Every structure is written in structure tokens, then in C-alpha cells.
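1. return a 3D structure for these sequence lines:
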Amino acid sequence: MVRDLASSTPTLESQNEEAIRQLYDALSSGNARAVQSILAPDLEWWFHGPPDCEYLMRLLTGLSHHTGFSFRPDTLTAVGDKVFVEGYLGESLYWVHVWTVENGIATEVREYFNTSLVVTDFNPPSSSSGKSSVCRPLWQSELGKSDGESMPGLVLAI
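-> Alright, predicted model coming up:
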């Protein structure tokens, strides 16, 4: 019997998605050792939202062991080295995390609260090509616009 290696070999995207899924599982179970094994020691963190919503930063830095906020992803999508995660807390707090994963380790997280997000791939032209810049959409948040209410929006070019 011949085995199809292409179908059984995980893609980079599926590996990145699984690493971030494991991160959220470890966060929800309080498994600090597992969290540390997935996060780079010099994790770069960006935050967009009200200062009182910095739940992830407080949790990851140990400022708070119980924040009263539980990150339970509703969607998790990998595109290249990025993993896009979105979820809700109750009816009023919508969040998006954009993780950068390198070799199974999360090296950066961009966190957004109550903000609709469109992520584009920005490829500036080389100086010798004479071509114009190209922006191609990679991902767009869905949950933040599902309730019909207006929400601030951002375009993130990566």
C-alpha cells in the first residue's frame, strides 16, 4: 500500500493554527508551563483598545492570575505565519488576536478590542521594478460585524 505523504504531512498553516489552539487551551486550563513553551520570551505585544481591556497582557505577564476574562476563540484561521483568532466575552466585548508564529513559537501578538479588522498583504515594489504597490486581502474579521452595530475598523497591512 502506497501512502500519500502530501495529505498526511501537516502544512505550515495547520501547524501554526495548532500551536495557537494549544496556547488557548493552556490559558484556559491555567497551564503556565505549556503557555511558556509556546510563547517567545521576548513576545512582541501590540494593543488597540481601552486600557481596562488589557486582559491578555495582565495574564501573560503575571500581573493577574485571574482576570475574570476567559479567551475562548470562536474562530481561528491561519494564513502563512499569521493566526487570526476572534471571540466574544458576553454581548459587549469583541476581541481579535493576530499572532505571528515562527517554528511553532508565537513571537508577536496584536490585540484588538471592539474593532473590526481587515488584514492585507502589502508588497512594496522594489526600486528597480517600476511597479506600483500591491495590497491583497488576507483576512477580515466576521464576528465584530455580525450584531449589526457600528464598530471602529482598522486595516492592518503586513
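
2. give me the pLDDT value at the residue nearest to the spatial centre of the chain.
-> Geometric centre of the chain, nearest residue: V98, 2.5 Å, by CA atoms, centre = their mean. For V98, the pLDDT comes out at 95.

3. wait, a helix at it?
-> No: under DSSP: H, G, I helix; E, B strand; the rest coil, V98 falls outside any helix and is assigned strand.

4. who does it bridge with?
-> Counting by DSSP bridges, V98 forms beta bridges with F84, R110.

5. now the one 4 residues further on
-> Per DSSP bridges, the residues bridged to E102 are I105.

6. coming back round to it: what about the residue nearest to the centre of the chain, distance to L63?
-> Going from V98 to L63 by CB to CB, to the nearest Å gives 22 Å. Every residue, glycine included, has its C-beta placed from N, CA and C.

7. same question, C135
-> 37 Å.

8. likewise for P51?
-> Distance from P51 to L63, counting by CB to CB: 13 Å.
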